[in-house]
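In: Sharing a model prediction with you, sequence too.
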Amino acid sequence: MLALRLGLGTHPMVLLRRLLVAAASAGVGFLLLCTLGWALDHPAGSQSRLLWCLIPLAATVQFAVATARTDQSTLPRSGLSAVGLGPSRLAALAASSTAVTCTLGSAVALLFFLHLRGDLTGMPFDGDAAKLLAAGRPLPLGAVLTLLAAVPVVATVTTWLALRTRTTTGLRPAPVRAPARPAVAAAPAADADPASDQALETAAAENADATRAPDTVVEEARVVAPVRVPDPAPAPAGLPWGVAIAAAGLAVETYASRGGGGTGTPPPLPGHFDGSSAGVLAGWALTAIGLALAGPGITHLCGLLLQAMRPGAVRLLAGRTLMAEARPIGRPLGVLCAVVSGAFAAASLYGPGDERPFGALTGLGATLVIGCTAATVLTAFLEARQARFATTESLYRLGAPATLLRTAAAVRATTILVVFAPLTWAVAALAAIPLTT
């Protein structure tokens, strides 16, 4: 109930992102149900199709976790642990909200699947989807429930594991008011000697305090402790491992393509079930994992390059920001690089001359993967912006112009584009070469 109230009372943009997560969950659930419908009539090709469904499933789970991270209502705050809302409890609330969102999407997918099968209101679209969805054949209830529960269960567990380690470190503390002393002082003692100079000075001071307005308070001066500037964030250690795993993925893809008989036939996509694509899919998966591991290191390297050769204020600010945000934004950028390179490689393999190279389900899966990955990158940038809110506020208080921050943001975006665009093209070309020769 608390998770439901937090979800309904949150910001409209957070609700919009949760609706997008529900839509992605519905798309993945529909793909899984279509796999079940195909397996009822074609058991031989169901394993390949199920493997391809793992890619949009992983993209949807990643987007769900990124959406849960940016929800301000589940952020750890100082003092909430005293009432039983520590980081683990707040992570459980975020996981509950993710479970509700993904379950809603799975329910929509089930209704749409049953509608296309004609189990609700008759066969729509003149029965064009009857063969694909195994219309007229009974669906195994256990398989349907298992497939529909895949996205909510995986997204919920992943969200809780990702958010349970968050602490209150780096969060802005609540504003504390300075202590105020009483406005009206006590009356002077009756036995005080009026001839004494000290008594006269004391009485005059007390009378001056008594003449103040009753609602006037005098705040004591705050003692500002010296702030130590933190050292730059250390470089992520995953760059060598990421490069090695990406190279291994390209090698596996090359070996799998040559093992198919050397005919030069492209590997089957979900719309083509005339062969096995497990080796090519494993190679692409290894390449994506390698780029995801190397993404933070590449982003950190971009920050170092920006600060080279006697940088000015703009380059120094942009470089330090990239170094500090290398981990939260580097991994989604690496995954986006892998997804876009895979799309370019598939487009080069299946040219315009092929007859319907991409089926309807292939297009739905590609849309889910690309859309969820791009939305995850935008959400990661939003999370990084929220994390540096205190720094931005401090710069404004020090008199930094707004154009300085905008220019630094433009420099960061340009640097990321200049570095990751050639990398994406190179990975796409290397992935397509062994499949086209």
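Out: That came through, no problem.
In: I'd guessed S88 sits against L163; true?
Out: No. Between S88 and L163 there is no contact under Cβ atoms under 8 Å: 9.0 Å. Yep, even glycine has a C-beta here, placed from its N, CA and C like the rest.
In: Which of those two has more residues huddled nearby?
Out: Each of S88 and L163 has its neighbours counted (other Cβ atoms under 10 Å); L163 has more, 24 against 14.
In: For P138, give me phi and psi.
Out: For P138, the backbone dihedrals (degrees, to the nearest 10) come out as phi -70, psi 140.
In: cool, and E325?
Out: Main-chain dihedrals, E325, degrees, to the nearest 10: phi -100, psi 20.
In: could you check the distance from the closest residue in space to it that isn't next to it in sequence over to P152?
Out: Excluding the flanking residues, the one nearest E325 by Cβ to Cβ, 6 or more residues apart in numbering is A384, at 4.5 Å. Note on A384: its distance to P152, by Cβ to Cβ, to the nearest Å, is 28 Å.
In: What of T121?
Out: T121 is 27 Å from P152, by Cβ to Cβ.
In: more crowded one of the two?
Out: Per other Cβ under 10 Å, whichever of T121 and P152 has more neighbours is P152, with 21 against 8.
In: Show the pLDDT at that one.
Out: Here the pLDDT value assigned to P152 is 95.
In: Does it touch T103 like I think?
Out: Yes. Proximity of P152 to T103 meets the contact threshold set by Cβ under 8 Å, at 4.9 Å.
In: Okay, now the unreliable bits of the stretch 251-400 of the chain?
Out: When residues are selected by pLDDT under 70, those of the stretch 251-400 of the chain lie in 258-278, 350-359.
In: Now do the lengthiest helix in the chain, average pLDDT.
Out: Longest helix in the chain, counting residues (DSSP state H): helix 402-436. Helix 402-436 carries an average pLDDT of 89.
In: Likewise for stretch 90-100?
Out: For stretch 90-100, mean pLDDT is 87.
In: Grab the CA positions of it and hand them over as PDB.
Out: This file holds the C-alpha atoms of stretch 90-100, laid out as PDB (Å, rounded to 0.1, in the frame of the first residue of the first chain):
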ATOM      1  CA  LEU A  90      13.500   1.900   0.600                       C
ATOM      2  CA  ALA A  91      15.000  -0.500  -1.900                       C
ATOM      3  CA  ALA A  92      12.200  -2.900  -1.200                       C
ATOM      4  CA  LEU A  93       9.600  -0.100  -1.800                       C
ATOM      5  CA  ALA A  94      11.300   0.700  -5.100                       C
ATOM      6  CA  ALA A  95      11.300  -3.000  -6.100                       C
ATOM      7  CA  SER A  96       7.600  -3.200  -5.200                       C
ATOM      8  CA  SER A  97       6.800  -0.300  -7.400                       C
ATOM      9  CA  THR A  98       8.700  -1.900 -10.200                       C
ATOM     10  CA  ALA A  99       6.900  -5.200  -9.700                       C
ATOM     11  CA  VAL A 100       3.500  -3.500  -9.900                       C
END
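In: where along the protein do the strands fall?
Out: 180-181, 218-219 (DSSP state E).
In: Surely T379 touches V65?
Out: No. Counting by Cβ under 8 Å, T379 stays clear of V65, with 9.4 Å between them.
In: coming back round to it: list the buried ones in the longest helix of the chain?
Out: For helix 402-436, a neighbour-count test (16 or more other Cβ atoms under 10 Å) marks 405, 407-409, 411-412, 415-416, 419-420, 423-424, 427-428, 430-432, 434-435 as buried.
In: now swap in stretch 329-346 and tell me
Out: Neighbour counts using 16+ other Cβ under 10 Å place 329-342, 344-346 of stretch 329-346 among the buried residues.
In: cool, stretch 313-333 as well?
Out: 314-315, 317-333.
In: now, which of the residues you listed lie within helices?
Out: The helices, defined by DSSP H, take in 314-315, 317-324, 326-333 from the buried residues of stretch 313-333.
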